[in-house]
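1. Pasting the sequence and the predicted coordinates here, then a few questions.
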Amino acid sequence: MSVDQQHPLAMRAAAILQANDTGTSIKASADLYPHQWSWDAAFVSIGLAHISIDRAVQEMRSLFRGQWQNGMLPHIVYNPDVPATAYFPDAARWDATKASPDAPRDVATSGIIQPPVHAIAIRLICDRAEPEQARAIAREFYHPLLEWHRYLMSARDPESSGLVTIVHPWESGMDNAPRWDAPLARIQVPEGELPPFERRDLAHVADPAQRPTDADYDRYLWIVEVLKRGGYRVDRLRDALPFRVKDSFVSAILVAANESLIRIADMADGDVDDLPIIESWIDRGRRGLAGQWDTGQDVCADLDLVDGRPISTRTIATFAPLIAGQVTTDTKAALIRLWHSTAFTGHPDLRWPLPPVTSPEDPGFAPTRYWRGPVWPVMSWLLWWAWSRIGEDVVADKLRAAALEQVTAVGFAEYMHPFTGEALGSDDQSWTAAVVLDWLASLESGTR
Ligand code: 2M8
């Protein structure tokens, strides 16, 4: 599958990726995010594969340079050429190399994770490569991916629940979602314990109201402090961690990623003894997710491990069973109903029938604020991919058409106002450009 490089939208998307390319990796966005983010890099590589397979592979190679000895793939790989003042928290704030013997010695990284979409990306890149090249890519990434997933299934699921524990809202990727309001609100930052810091993000958006509040930032940084002091040993810190949640969305992505990993193992001629292990991870994930689905409310809940209560806010995370795939007939019917309902794409005020990350019917909905209500093109892509995967082509096609219309009208913003369509957050966001390339390529080839 390839994309018509003369298509005006494809040309704009490719130009953004090129402008954000530092040579070794692609900045998540032009100004606001000047380093390489973990799940951004995976989505970016899916788009890059339509321009150059080699460049797509390079993107993932750059990210995996940051992988820790314990298998953890950190959420940021810092570019040493970018001044420390360009983004906060900078690498020094994490101090990963000093705090943990597992952190790489020669690459500066953060000390937390992001959703594990990487195996999905590698599999898609392989699907687009010639067979010999695909085998080489699979061989290169199979073991790093296996170790990454093993870390998630062990250090992040010591209970063998099938659900991944996140210890910071940033680990969910949906940093400021109302899902995290209750667990975050209870965190008290001890007086005088948090080293001072200066936020850099507010300088890059039109209105500070599009970003998290200062109170949220204090708590985010306090969690970083606790993690750092504990050597980033999430498995040992356990009860000492102020934020501990079983995240259904991350868990569902891991199920889908493990399915991709099986295919990668096959292409890489991986050790056949690994296969039952990966299959058991998939089963465990599916069982865990099934336990989170609340039929009465049509919600896939998260679980707050600190107070033991489910978190049932209405965000796109509730489509976790769809992302994990293989849904039962009843769950599928419920998901389709929910999707078309006024809680998501059927809301009468929407500019395009695209899912706001938080439902307009959730009390935490805020249409302009980061992860609390806008439409994120990259999330539209993930859900499009998921609907296609379970064979719901009509839903998927409509979603892709609306998403392309949105970007054509608004540009390659980080997120958009669901009602007015206004561009919000950062301009020229790399993953927005990347998913547009993938959508265009899928349209041209008639495949999904
Ligand atoms: C946002 O997160 C970073 C922190 O990691 C930030 O707000 O500074 C989130 O949208 C996250 O999901 C994304 O990966 C990152 C870069 O696009 O920005």
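-> Noted; the coordinates are in hand.
2. use CA for all of it now, contacts and neighbours both
-> Noted.
3. Number of residues surrounding the residue of the chain found nearest the ligand?
-> Residue of the chain nearest the ligand, by CA to the nearest ligand atom: G173 (3.5 Å). Number of residues near G173 (other CA atoms under 10 Å) recorded here: 19.
4. Contact partners for the closest residue to it other than its chain neighbours?
-> Excluding the flanking residues, the one nearest G173 by CA to CA, 6 or more residues apart in numbering is Q114, at 5.8 Å. With contact set as CA atoms under 8 Å, 6 or more residues apart in numbering, Q114 has these partners: S38, W39, P74, H75, W170, E171, S172, G173.
5. And L399, how far from W352?
-> Shown here: L399 relative to W352, a distance of 9 Å by CA to CA, to the nearest Å.
6. follow-up on the earlier one: any idea how far the residue of the chain closest to the ligand lies from W222?
-> 18 Å.
7. Over to G192?
-> G192 is 11 Å from W222, by CA to CA.
8. Settle it for me: which of these two has more neighbours?
-> Taking neighbours as other CA under 10 Å, G192 and W222 compare with W222 leading, 20 against 7.
9. a helix runs through P367, doesn't it?
-> No - counting by DSSP: H, G, I helix; E, B strand; the rest coil, P367 is not part of a helix but coil.
10. and this structure, which of its residues are near the ligand?
-> Within reach of the ligand by CA under 6 Å from any ligand atom, the chain has these residues: A28, Y33, W37, W39, D40, W170, G173, M174, D175.
11. neighbours of T85, just the number please.
-> For T85, the neighbour count with other CA under 10 Å is 11.
12. Distance from the chain centre to stretch 399-416, please.
-> The chain centre lies 19 Å from the centre of stretch 399-416; the measure is CA atoms, centre = their mean, to the nearest Å.
13. Check which residues of it are buried.
-> Across stretch 399-416, burial judged by 16 or more other CA atoms under 10 Å covers 399-404, 406-407, 411-416.
14. Where does pLDDT dip in the stretch 1-150 of the chain?
-> For the stretch 1-150 of the chain, the stretches flagged by pLDDT under 70 are 1.
15. Show me the strands in it, by range?
-> Taking DSSP state E, counting those that start in this stretch to define them, one finds strands in the stretch 1-150 of the chain at 36-37, 76-77.
16. Tell me which residues are up against the last one.
-> Outside of strand 76-77, the residues that reach it under the criterion CA under 8 Å, 6+ apart are H35, Q36, W37, S38, L63, G66, V107, A108, T109, S110.
17. which one of those residues has the most neighbours?
-> For the contacts of strand 76-77, the largest number of neighbours (other CA under 10 Å) sits with T109, at 30 neighbours.
18. isn't that residue right up against G66?
-> Yes - here T109 reaches G66: they are 6.3 Å apart, a contact under CA atoms under 8 Å.
19. got any residues that touch both of those two?
-> P74, V77, A103.
20. The spatially closest residue to the first one that is not a sequence neighbour - how many residues pack around it?
-> On the basis of CA to CA, 6+ apart, the spatially nearest residue to P74 that is not a chain neighbour turns out to be I113, at 4.9 Å. Number of residues near I113 (other CA under 10 Å) recorded here: 22.
21. Also D283?
-> Neighbour tally, D283, other CA under 10 Å: 14.
22. So for the host helix or strand of it, what gets flagged as buried?
-> Assigned by DSSP states H and E, D283 belongs to helix 274-290. Using 16+ other CA under 10 Å as the test for burial, helix 274-290 gives I278, E279, W281, I282, R284, G285, R286, G288, L289, A290.
23. and if you look at stretch 313-331?
-> 313-325, 327, 331.
24. Could you do stretch 44-57 as well?
-> Quick answer for stretch 44-57 (16+ other CA under 10 Å): 44-53, 55-57.
25. Between these, which sits nearest L443?
-> Taking CA to CA as the measure, L443 lies nearest H50 of those, at 12.7 Å.
26. dump the residue contacts of the closest one.
-> So H50 contacts M1, S2, V3, R128, L437, D438, A441 (CA under 8 Å, 6+ apart).
27. mind running it again at 7 Å?
-> S2, V3, L437 (CA atoms under 7 Å, 6 or more residues apart in numbering).
28. what's the spacing between it and A96?
-> 35 Å.
29. For the closest residue to V82 other than its chain neighbours, grab phi and psi.
-> In space, and not counting its chain neighbours, V82 is closest to P34: 7.2 Å by CA to CA, 6+ apart. Dihedral angles of P34 (phi, psi; degrees, to the nearest 10) stand at phi -80, psi 10.
30. Could you pull out the buried residues of the longest helix anywhere in the chain?
-> For the chain, the helix with the greatest residue count under DSSP state H is helix 131-154. The neighbour-count criterion (16+ other CA under 10 Å) identifies 134-135, 137-139, 141-153 as the buried residues of helix 131-154.
31. For G296, give me the pLDDT.
-> We have a pLDDT of 85 for G296.
32. What's the local residue count around it?
-> 6.
33. How much space separates the nearest residue to A434 once chain neighbours are set aside from H149?
-> Once flanking residues are discounted, A434 sits nearest to G47: 4.0 Å by CA to CA, 6+ apart. Distance of G47 to H149, computed by CA to CA: 23 Å.
34. Also P208?
-> 36 Å.
35. S29 too?
-> Using CA to CA, S29 is found at 27 Å from H149.
36. Ok, R199 next?
-> Counting by CA to CA, the gap from R199 to H149 is 32 Å.
37. do A413 as well
-> 31 Å.
38. Out of the contacts of H50, which comes closest to I264?
-> Distance to I264 across these (CA to CA) is lowest for S2, with 21.2 Å.
39. Give me the neighbour count for the closest one.
-> Neighbours around S2, by other CA under 10 Å: 16.
40. and it, what is it in contact with?
-> Counting by CA under 7 Å, 6+ apart, S2 has contacts H50, A441.
41. can you map out the helices along the stretch 151-300 of the chain?
-> 181-185, 214-229, 234-237, 248-267, 274-290 (DSSP state H, counting those that start in this stretch).
42. Of all the ones you listed, which one comes closest to D90?
-> Closest approach to D90 among those (CA to CA): helix 214-229, 11.6 Å.
43. Can you name the residues in contact with that closest one?
-> With CA under 7 Å, 6+ apart as the test, helix 214-229 has contacts from W94, A99, H168, I187, V189, L194, P242.
44. What residues sit buried inside that helix?
-> For helix 214-229, the neighbour count (16+ other CA under 10 Å) marks D216, D218, R219, Y220, L221, W222, I223, V224, E225, V226, L227, K228 as buried.
45. just these now: which is nearest A423?
-> D216 (23.3 Å).
46. out of the residues of the chain next to the ligand, who has the most neighbours?
-> Using other CA under 10 Å as the neighbour test, the residues of the chain next to the ligand are led by A28, with 28 neighbours.
47. S38 is in contact with that one, correct?
-> No - contact criterion CA atoms under 7 Å: A28 and S38 do not qualify, at 9.3 Å.
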